[in-house]
Each structure stands twice: as structure tokens, then as C-alpha cells.
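K.L.:
Generate a structure from the sequence data that follows.
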Amino acid sequence: MAAQTSSTQHIIVIGGGNAGFCAALAASDAGATVTVLERAPKKLAGGNSAFTAGLMRCAYDGMEDIDAIVELSDEQKRTTEFGSYSSQTFYEDLGRITEFKCDPDLAHTLTFKSHETLTWMKEHNIRFDAA
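P.N.:
As a prediction, the model looks like this:
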């Protein structure tokens, strides 16, 4: 039997957490067929999000930035003060928390592209709720 050939790549992503889903979405955006494999039972699926109640740290300039990625009710918008959390502060916090044992280029990408990444995820139908 002759092997079938296809111009579409089939990518297998191991793990259905945020990183796995981002890898799967990016591969799909590039035209690949994607299969995500998750070994955790359904109740524990989602990678580290299952242990952090889905909380993620992200730089933002105010309620408008939060509203762009999180599904906020009108009441939450009216009654919650979100303040701000700059990319620079996030970067400095990451350095302090890791005792500056993190790769500075990766840390910069993580912190300065955090909001952009969550916006991209939301555009791909990943839902974020206010905690």
C-alpha cells in the first residue's frame, strides 16, 4: 500500500494546559492539523490552571485592558477598581521572585507580551473570567 502524501502537517501537542493550547492554536493558524493529548482526568485537565484556579499574571493599564480579555459583568465594571500593573513592574517582580535566576530575554518576552498573548488567546475563543 502506498503512503499518502499531504501538504498539511499533522502536529501532536502533549498536554492541554495553556502552553499546550497556545502551541496547538499557533500550529493550526499555520495550517497544520493538530491533535492535543492530555493524560490528566477531566477534573484535573488544564495543566497548572487546575491548581491556580485559572489565575494568570498579566500586565495591564487599567479596566479597559482587563475588559479586552476578561468577561466582565456591568456590575464588575462599575464596582471593581483594577488599578494597573505595568510590564516593567511585572518584569521586576519576576526577577525578584526567581532571585534573578531567569533568562532575561524570555522574562522580557513573558512580561512585555503578556497582555498581547492573552488577547490573542481570547481571539481564539479561550475564555477568561474575573476571579
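K.L.:
State the mean pLDDT of stretch 72-92.
P.N.:
For stretch 72-92, the mean pLDDT works out to 93.
K.L.:
any weak-confidence spans in this structure?
P.N.:
Low-confidence regions of the chain, defined by pLDDT under 70, span residues 1-7, 53-54, 130-131.
K.L.:
That one - how does it break down into domains?
P.N.:
The domain map for the chain lists 9-55, 56-131, with the assignment taken from automatic domain parsing.
K.L.:
Make TSV from those and add mean neighbour count to it.
P.N.:
Backbone N, C-alpha and C define where each C-beta goes, glycine included. Converted to TSV, those look like this (neighbours: other Cβ atoms under 10 Å):
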stretch	mean neighbour count
domain 9-55	14
domain 56-131	14
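K.L.:
Relative to C102, how far out is D61?
P.N.:
For D61, the distance to C102 equals 24 Å [Cβ to Cβ, to the nearest Å].
K.L.:
Quick one: residues in contact with stretch 119-131.
P.N.:
Outside stretch 119-131, the residues within contact range by Cβ atoms under 8 Å, 6 or more residues apart in numbering are 18, 21-22, 25, 53-56, 66, 68-72, 76, 80, 118.
K.L.:
where along the chain do the helices fall?
P.N.:
Counting by DSSP state H, one finds helices in the chain at the ranges 18-29, 63-69, 74-79, 87-97, 104-112, 114-123.
K.L.:
export those to a markdown table and tack on distance to T8?
P.N.:
A markdown table is the format used below for the helices of the chain (distance: least, Cβ to Cβ, whole Å):
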| stretch | distance to T8 |
| --- | --- |
| helix 18-29 | 11 |
| helix 63-69 | 31 |
| helix 74-79 | 42 |
| helix 87-97 | 37 |
| helix 104-112 | 29 |
| helix 114-123 | 22 |
